[in-house]
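Colleague: sequence and predicted structure are below.
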Amino acid sequence: MGEVYRVQKGWRADGRFPLMRQTAPMRTVVAGILEREGPGGVRQVLVGARSSPAWAAGQWEFPGGKVENGETVEGALAREWREELGAEVTVGEEVYRSHLDTPVGAFTLVALRVRLLSDEPRPLEHRALAWVAPADLTRLRLLASNVPIAASLNRAG
Ligand SMILES: Nc1nc2c([nH]c(=O)n2[C@H]2C[C@H](O)[C@@H](COP(=O)(O)OP(=O)(O)OP(=O)(O)O)O2)c(=O)[nH]1
């Protein structure tokens, strides 16, 4: 009977089950890392300044987005780069993975290298795009979740 009582204690007074969000399947956000040899042979990575939502607007990220139902991580990243940057990419190796808490729920954040197959990415949805040396990424106001990714890219240099 003790078991039943503990389960009942998990229910809120309004009858909604409070563990519902925690037991929902974890969704994934994919982020693309595109590097190039910039002017003077300097290694640079592409970052974008978000235009929305309000809490993230103006902060810099590695372009990507949420994996939709039935999509692979690679398929989702290629789709996001086509939609947001007008660019065709192939998706390469995973460089970083972590847990991500956002105002709209918990995600797994996965960063993968991408290689450009088309013309230069364009800011179709971002406020701006920038090519930045990994050592300079920390000067930007990065999304907090992207700070460790920037650090690992800097170490990889
Ligand atoms: N794209 C991207 N999102 C990131 C990164 N780091 C990070 O915390 N996020 C967060 C910001 C957002 O809360 C969430 C991604 O959402 P999003 O708005 O880019 O996804 P989406 O393009 O699929 O947009 P939507 O259809 O859901 O509106 O993950 C990152 O490097 N890239």
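Modeller: Nice, I can see it.
Colleague: for the residue nearest to residue 89 when sequence neighbours are not counted, give its distance to the ligand.
Modeller: Leaving out its chain neighbours, the residue that sits closest to residue 89 by CB to CB, 6 or more residues apart in numbering is residue 114, at 4.0 Å. Where you see a C-beta, it was placed from the backbone N, CA and C, and this is true even at glycine. Separation of residue 114 from the ligand (CB to the nearest ligand atom, to the nearest Å): 12 Å.
Colleague: name the SS class of the residue in the chain positioned nearest to the ligand, please.
Modeller: The chain approaches the ligand most closely through residue 65 (2.7 Å), counting by CB to the nearest ligand atom. The three-state assignment at residue 65 reads strand, by DSSP: H, G, I helix; E, B strand; the rest coil.
Colleague: dig out what it forms beta bridges with.
Modeller: Note on residue 65: beta-bridge partners by DSSP bridges are residue 30.
Colleague: beyond the helix or strand residue 108 falls within, next helix or strand please.
Modeller: Per DSSP states H and E: residue 108 is located in strand 105-116. Following strand 105-116 in sequence order, the next helix or strand is strand 128-132 (DSSP H and E).
Colleague: ok, the helix or strand following that next one near the ligand or not?
Modeller: Helices and strands here follow DSSP H and E; after strand 128-132, the next one along the chain is helix 147-156. No - under the criterion of CB under 6 Å from any ligand atom, the ligand is not reached by helix 147-156; the shortest gap measures 7.0 Å.
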